[in-house]
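Novice: heads up, no residue letters with this:
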């Protein structure tokens with residue numbers, strides 16, 4: 001089950017796309033990663049739009065129940081204005097397993 005998340009920015013509480021992205025760089029721990037895998041997460045990556053207009057994430061979960069259990073365990077709630085879209089189909093040039101990993105950390109936009 002692929003889910004794409006989009007949060008328009010700035011959020012109603014004033015956070016930027018970079019703020020949402022960077023918070024995840026700080027908060028995601030090895031224990032959280034292990035828990036996600038145990039609950040059936042097979043892929044999760046996040047990005048921010050260069051123009052600052054939105055934060056995006058893409059995740060693949062085995063089941064909706066596994067995703068919900070993970071979010072409950074870690075007290076993760078939707079960001080203000082967040083939209084989650086369940087995606088259907090799968091076609092593309094390079095399978096996820098062959099894609100190169102992204103940068104380990106990003107720098108705050110100027």
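Specialist: Alright, I've got the coordinates. Source: prediction; values computed, not measured.
Novice: helices along the chain, start to end?
Specialist: Taking DSSP state H as the criterion, the chain contains helices spanning 17-27, 30-38, 64-73.
Novice: quick one: distance of stretch 70-81 to the chain centre.
Specialist: Stretch 70-81 sits 11 Å away from the centroid of its parent chain (CA atoms, centre = their mean, to the nearest Å).
Novice: give me the contacts around that stretch.
Specialist: 7-8, 11-13, 15, 20, 32, 35-36, 39, 41, 55, 84 (CB atoms under 8 Å, 6 or more residues apart in numbering). Quick note: C-beta positions are derived from backbone N, CA and C, even for glycine.
Novice: residue 45: which of the helices of the chain is closest?
Specialist: Nearest to residue 45, of all these, is helix 17-27, at 10.1 Å by CB to CB.
Novice: which elements pack onto the closest one?
Specialist: strand 41-48, strand 54-61 (3 or more CB pairs under 8 Å, 6 or more residues apart in numbering; DSSP states H and E).
Novice: pLDDT on the last one, on average?
Specialist: Spelled out, it's strand 54-61. For strand 54-61, the mean pLDDT works out to 96.
Novice: cool, thanks, signing off.
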